[in-house]
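J.: Next come a sequence and a model predicted from it.
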Amino acid sequence: MALIESKLRKDDKFARRAEHWRGEVEAMCQEEAEIRLGGGRKRQEKHRAKGKMTARERVEALCDPGAPFLELGLWVAHGFYEEHGGAPAAGVVIGVGRIHGREVMVVANDATVKAGAWFPLTAKKVLRAQEIALENRLPLVYLVDSAGVFLPLQDEIFPDKEHFGRAFFNNARLSAEGILQVAAVMGPCVAGGAYLPIMSDESHIVDGTGSIFLAGSHLVKAAIGEEIENEELGGSMVQCDVSGVVDHRHPDDASCLAKIRSQVEQLGEVPGSPFARRPPMEPVHEVAEIGGVLPIDRAKPYDSYELLARLLDGSEFDEFKASYGKTLICGTGWIEGKAVGVVANQRSIVARRTGTGESDKELQIGGVIYSDSASKGARFVELCNQKKIPLLFIQDVSGFMVGSRAERGGIIKDGAKMVNAVANSVVPKITLFVGNSYGAGNYAMCGKAYGARFLFAWPSAAIAVMGGQQASNTLLSIQLRNRGDGVSEEEKTELLARIQKRFDDAMNPRYAAARLWVDAIIDPAQTRRVLGRALECVGLGGEIPAFRTGVFQT
């Protein structure tokens, strides 16, 4: 493999860029620390006073000491449900932890947030955790402490395909696939929510705090007139010793979690990864320098090879069709000892001569997918499927090229080839958003709709139909046309500013993460560690089926 030689100049511009992104990461980390407090310190203390650990304390006690926890969906529900007091992290913690060295998906209700009630985005987040567990064959541990559906929003969470009931549907599918699910009832487990732990393969309950029933004492009295306390109705002794609904009961959270750890330790060996591995190597160029590579202005060009030089083992890269379709970089390398095929948008501007005359020169704009780039990308995706190499898409894409020249060159059919290949790819796909992700470029580069096993974003990312400036000017022209004559320049400026702000807010990566378009916003300096962990998980997913595509346009 060829060594990527860095041409990065560590000048004043480099220092300003690095300082800017350090500041963005620090601000993000401060906000994340607030989100991790859940309902706040007072509610946490009230929670502990009941003899219970908090959700994050439970996760820490469950996982191996000192092992990194890859938290997903931390920003989910950010800015949502404000009229109900908010729901930090949607009231549930999910992520990949290690138990006796084995990768495990963990789902833990945070009872400091509305008693662990399920909001619409809570359901979406739990379903995402189950999806990741199913795709990558990860054992799944549920730490249940929930008051059930958040009733004021029940119509947005109860009956639809991707709503609350889908979690139990997934329970059944995971079990049928032989993927272990263990549940611990560590607080209330009410109504339909009672099915989640009992549809798991093995269940636990904690004395004095855990309870499980289809209807609590108030509803029982209203429905059938029976007066009974919750503990007598569905406490640990009733549900473990009398009804036999639960398999194990424990005196406290710590002993319950220790038992689950011992059960996971006894699981059979995981089959070997079907993907190539070798001893990991650090890049030749410092990962911490990535912040100095990225421009502060998303519209500015930069050399994407500089990113690869700081992400790939040994800064080595075996490039595919290096001199063709240059706005898309394709090739293979290694990340933390795991083989990976890279599809990355190239943001630097290169010239391509399309004829013999000087006037017949076309400039390719960085970050735009042209016909040649799309054809190259489709072919490379096919090749990685043939070779059984997982794919990493690094997105900084403005979309496909537009205009008469592109249309006559068949940009739509060439773009369709790439979208088809990505959609039908059977090797695991991981997507990293480092900058722009606009329009159909998001699809071709494996956005959320195209089945990536994991999706991560840097603080520099922006996901939208088009760039904010283009979108704002387009909307402004439509609104001005609808209003007719008589709009002053001052009104135009004010209207444009309002539209621009709305688009700028929507293009913040926090906006995407709040809606689970991405699984996590990560520090660029931690990218190798995060991608290495994701590649470890996708390597557990078992055999890869045969690759085939539909009809390609020629």
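T.: Right, received. Where do you want to start?
J.: Please count neighbours and contacts with C-alpha atoms only from this point.
T.: Fine.
J.: Can you give me every residue that contacts the nearest residue to Leu74 once chain neighbours are set aside?
T.: For Leu74, ignoring the flanking residues on the chain, the nearest one in space by CA to CA, 6 or more residues apart in numbering is Ala89 at 5.0 Å. Contacts of Ala89 were listed using CA atoms under 8 Å, 6 or more residues apart in numbering, and they are 35-36, 38, 73-78.
J.: Neighbour-wise, which one of those leads?
T.: Val76 (30 neighbours; other CA atoms under 10 Å).
J.: thinking Gly39 is in contact with Gly116, fair?
T.: No. Contact status for Gly39 versus Gly116: not in contact, 9.9 Å apart, counting by CA atoms under 8 Å.
J.: Same drill for these two, tell me which one is more crowded.
T.: Under the criterion of other CA under 10 Å, the comparison of Gly39 against Gly116 puts Gly116 first, with 28 against 22.
J.: Quickly note the distance from that one to Ser236.
T.: 19 Å (CA to CA, to the nearest Å).
J.: Check which helix or strand Leu455 maps to.
T.: Assigned by DSSP states H and E, Leu455 belongs to strand 454-457.
J.: neighbouring contacts of that strand?
T.: Residues outside strand 454-457 that contact it (CA under 8 Å, 6+ apart) are 132, 429-434, 447-448, 509, 517-522, 534.
J.: Now a ChimeraX select for only the buried ones of these.
T.: Of those, the buried ones go into a single ChimeraX selection, burial set by 16 or more other CA atoms under 10 Å:
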select :132,429,430,431,432,433,434,447,448,509,517,518,519,520,521,522,534
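J.: Show me the helices in the stretch 351-500 of the chain, by range?
T.: Taking DSSP state H, counting those that start in this stretch as the criterion, the stretch 351-500 of the chain contains helices spanning 371-387, 404-408, 411-424, 439-444, 468-483, 489-506.
J.: would you turn those into JSON lines with distance to Ile179, mean pLDDT and mean neighbour count?
T.: Formatted as JSON lines, the helices of the stretch 351-500 of the chain follow (distance: least, CA to CA, whole Å; pLDDT from 0 to 100; neighbours: other CA atoms under 10 Å):
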{"stretch": "helix 371-387", "distance to Ile179": "25", "mean pLDDT": "96", "mean neighbour count": "21"}
{"stretch": "helix 404-408", "distance to Ile179": "48", "mean pLDDT": "86", "mean neighbour count": "11"}
{"stretch": "helix 411-424", "distance to Ile179": "24", "mean pLDDT": "93", "mean neighbour count": "22"}
{"stretch": "helix 439-444", "distance to Ile179": "30", "mean pLDDT": "93", "mean neighbour count": "23"}
{"stretch": "helix 468-483", "distance to Ile179": "44", "mean pLDDT": "68", "mean neighbour count": "14"}
{"stretch": "helix 489-506", "distance to Ile179": "37", "mean pLDDT": "76", "mean neighbour count": "14"}
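J.: Can I get these in CSV including distance to Ser255?
T.: Listed next are the helices of the stretch 351-500 of the chain as CSV, based on distance: least, CA to CA, whole Å:
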stretch, distance to Ser255
helix 371-387, 45
helix 404-408, 65
helix 411-424, 45
helix 439-444, 46
helix 468-483, 53
helix 489-506, 45
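J.: Ok, which of those comes nearest Arg548?
T.: Closest approach to Arg548 among the helices of the stretch 351-500 of the chain (CA to CA): helix 411-424, 6.7 Å.
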